[in-house]
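Undergrad: attaching a predicted model along with its sequence, questions to come.
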Amino acid sequence: MENRIILLIDMDYFFAQIEERSNPRFKGLPVVIGADPKGGSGRGVVSTANYIARKFGIHSALPISRAYRLCPDAIFLPPDMELYLKVSGEIMEIIKKYSFRGIPSKSEGLPLGFEQVSLDEAYLDISFLKDYKKAEELARSLKKEILEKENLTATVGIGPNKMIAKMAAGKAKPDGLMVINPKEAKDFLEPLDIDDMPGVGPKTAAKLRALGICRIGDVKKLSGSDLKNIFGKWGELICERAQGIDEREVFPHEAAKSIGRDYTFEKDTRESKIIFGIFDELIKDLCRKIKEEKIRFKTITVVCRFSGFETHTKSKTLKNFIKSCSILKKEAKNMLLRFLLENPKYIRLIGVRISSFSEKIN
Ligand code: TTP
Ligand code: MG
């Protein structure tokens, strides 16, 4: 895969930082957002805590009763989701702008180098900058704009793929910026603990440690097939990720607003047999989901990313809701064919999505 530059931005102690912003008197004090501790007998968990409270050992998902015991004097607040959602929306609008190459995207809907991961976290594919120094400058501008407009701090990680960007941000928190270029990736990854790798939870980490693998650099002691035997498909991924390989694309999606399937070719291609063969599989898989969940939809979108990260979409909205896979197949194939006819470039990724559902889908 050619050189990419991926940026991950994650707001610092998001819910708690918003509460601090509303109540400047909380600054410098431990703040915990979550269930009511009820003097230590409360049920439920911590949503998040500011970094002062974290020094007491308080963190997300900890039972609130334990948080209370660790720091009874902390300021405990219930979450104000309406406010956090509003702030999240404003921040995502700022972040999105940085995914354009200085010009607004021509395609409708979401910009294509932007992927929101959660309320306070998003990836940008900024490969178009072609330079890590420029990427760092972009990150500084982004952090500055969020601070000026929202009075909130964020941490940014930049790397050649999603995993490294995410891990760099994790190491730079809070209010940080860490850039790992492809040459630095190996030295960055190898000394880190195995559970620093996103997706490696406590159980996988314990199994790996039992096999003598404590650091990411130790993973190479085992072969890909050893890891596959132990962990299945995830084992193969651990093997790749430990070498700093992560081919996941930054891809826009809006939870429950569209459902889609996409595929990145190992090598950019113009072979229509390969392209349509894969496309058929994507549609089949999507149709399985449509049938399973009895989905009715109106809009069909086909995405085509050409060599050089140029991404285009075509959409068709039908008059009535349908659940018919044959219509989906016919319309989607037509759109893909038009892409091939209109653009002579090699194709890197194809995708098919449905949206405008007759009711809310989760
Ligand atoms: P995170 O980004 O995981 O955490 P954070 O922003 O509070 O802190 P950090 O500086 O480490 O990024 O999650 C974002 C928000 O999502 C967080 O403020 C609260 C909410 N959240 C929960 O409600 N429960 C959870 O278990 C987690 C992990 C997060
Ligand atoms: Mg965060």
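TA: Received the coordinates, thanks. Ligands and ions are numbered 1, 2, ... in the order given.
Undergrad: quick one: furthest residue from the center of this structure?
TA: Gly39 (37.1 Å; CA atoms, centre = their mean).
Undergrad: run through the residues that contact that one.
TA: By CB atoms under 8 Å, 6 or more residues apart in numbering, Gly39 lies in contact with Tyr68. Any C-beta I mention is one placed from the backbone N, CA and C, and that applies to glycine too.
Undergrad: any idea how far ligand 1 is from it?
TA: Using CB to the nearest ligand atom, to the nearest Å, Gly39 is found at 22 Å from ligand 1.
Undergrad: let me know whether my guess that that residue is in a helix holds.
TA: Yes: checked against DSSP: H, G, I helix; E, B strand; the rest coil, Gly39 lies within a helix.
Undergrad: tell me which parts of this structure are close to ligand 2?
TA: Residues of the chain lying close to ligand 2 by CB under 5 Å from the ion are Asp10, Met11, Phe14, Asp120.
Undergrad: and the stretch 1-150 of the chain, which residues reach ligand 1?
TA: 10-15, 47-48, 60-61, 119-121 (CB under 6 Å from any ligand atom).
Undergrad: of these, which belong to helices?
TA: Per DSSP state H, helices hold the following members of these: Phe14, Phe15.
Undergrad: if any of the residues of the stretch 1-150 of the chain next to ligand 1 are buried, give me the ChimeraX selection for them.
TA: Buried subset of those, written as a ChimeraX selection, criterion 16 or more other CB atoms under 10 Å:
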select :10,11,12,13,14,15,47,48,119,120,121
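Undergrad: residues in contact with Lys323?
TA: Ile290, Lys291, Lys294, Ile295, Arg296, Phe297.
Undergrad: quick check: beta-bridge partners of the last one?
TA: Phe297 forms beta bridges with Ile322, Phe357, as assigned by DSSP bridges.
Undergrad: quick one on the thing from earlier: among the contacts of Lys323, who's most crowded?
TA: Counting neighbours by other CB atoms under 10 Å, Phe297 leads the contacts of Lys323 with 22 neighbours.
Undergrad: residues touching that one, list them.
TA: Ile290, Phe321, Ile322, Lys323, Ile354, Ser355, Ser356, Phe357, Ser358.
Undergrad: against Val250, how distant is it?
TA: 25 Å (CB to CB, to the nearest Å).
Undergrad: what of Glu342?
TA: 24 Å.
Undergrad: for Arg54, which non-adjacent residue is closest in space?
TA: Tyr13 (7.9 Å; CB to CB, 6 or more residues apart in numbering).
Undergrad: for that neighbour, what are its contacts?
TA: Thr48, Ala49, Asn50, Tyr51, Arg54, Pro174.
Undergrad: so what's Gly44 scoring on pLDDT?
TA: At Gly44, the model reports a pLDDT of 85.
Undergrad: look at the nearest residue to it once chain neighbours are set aside and say how many residues are nearby.
TA: Spatial nearest neighbour of Gly44, chain neighbours left out: Ala35 (2.6 Å); criterion: CB to CB, 6+ apart. Using other CB under 10 Å, the number of residues around Ala35 comes to 19.
Undergrad: what sits against Ala35?
TA: Counting by CB under 8 Å, 6+ apart, Ala35 makes contact with Gly42, Arg43, Gly44, Val45, Val46, Ile64, Pro78.
Undergrad: again, 7 Å this time
TA: Gly42, Arg43, Gly44, Val45, Ile64 (CB atoms under 7 Å, 6 or more residues apart in numbering).
Undergrad: against ligand 2, how distant is it?
TA: 19 Å (CB to the ion, to the nearest Å).
Undergrad: state the pLDDT value of that residue.
TA: Value for Ala35, per-residue pLDDT: 94.
Undergrad: check which helix or strand Arg209 maps to.
TA: Secondary-structure assignment from DSSP states H and E places Arg209 in helix 202-210.
Undergrad: just give me how far that helix sits from the chain centre.
TA: Here helix 202-210 is found 24 Å from its chain centre; the criterion is CA atoms, centre = their mean, to the nearest Å.
Undergrad: now do stretch 80-98
TA: On CA atoms, centre = their mean, the centre of stretch 80-98 falls 15 Å from that of its chain.
Undergrad: again, but for stretch 143-162
TA: How far stretch 143-162 lies from its chain's middle: 15 Å, per CA atoms, centre = their mean.
Undergrad: how about stretch 273-284?
TA: Relative to its chain's centre, stretch 273-284 lies at 25 Å (CA atoms, centre = their mean).
Undergrad: for stretch 170-186, same thing?
TA: Remark: stretch 170-186 is offset 17 Å from the chain centroid, using CA atoms, centre = their mean.
Undergrad: try stretch 331-344
TA: Centroid separation for stretch 331-344 versus its chain: 29 Å, with CA atoms, centre = their mean.
Undergrad: in it, which residues are buried?
TA: Glu331, Ala332, Lys333, Met335, Leu336, Phe339.
Undergrad: max-length helix in the protein?
TA: Ordering each helix of the chain by length in residues (DSSP H) puts helix 272-292 first.
Undergrad: for Gly260, which three-state class applies?
TA: From three-state DSSP, the assignment for Gly260 is strand.
Undergrad: count of residues packed around it?
TA: For Gly260, the tally of surrounding residues (other CB under 10 Å) stands at 19.
Undergrad: phi first, then psi, for the nearest residue to it once chain neighbours are set aside.
TA: Once flanking residues are discounted, Gly260 sits nearest to Arg353: 3.2 Å by CB to CB, 6+ apart. Main-chain dihedrals, Arg353, degrees, to the nearest 10: phi -140, psi 150.
Undergrad: with Pro37 instead?
TA: Per degrees, to the nearest 10, the backbone of Pro37 is at phi -70, psi -20.
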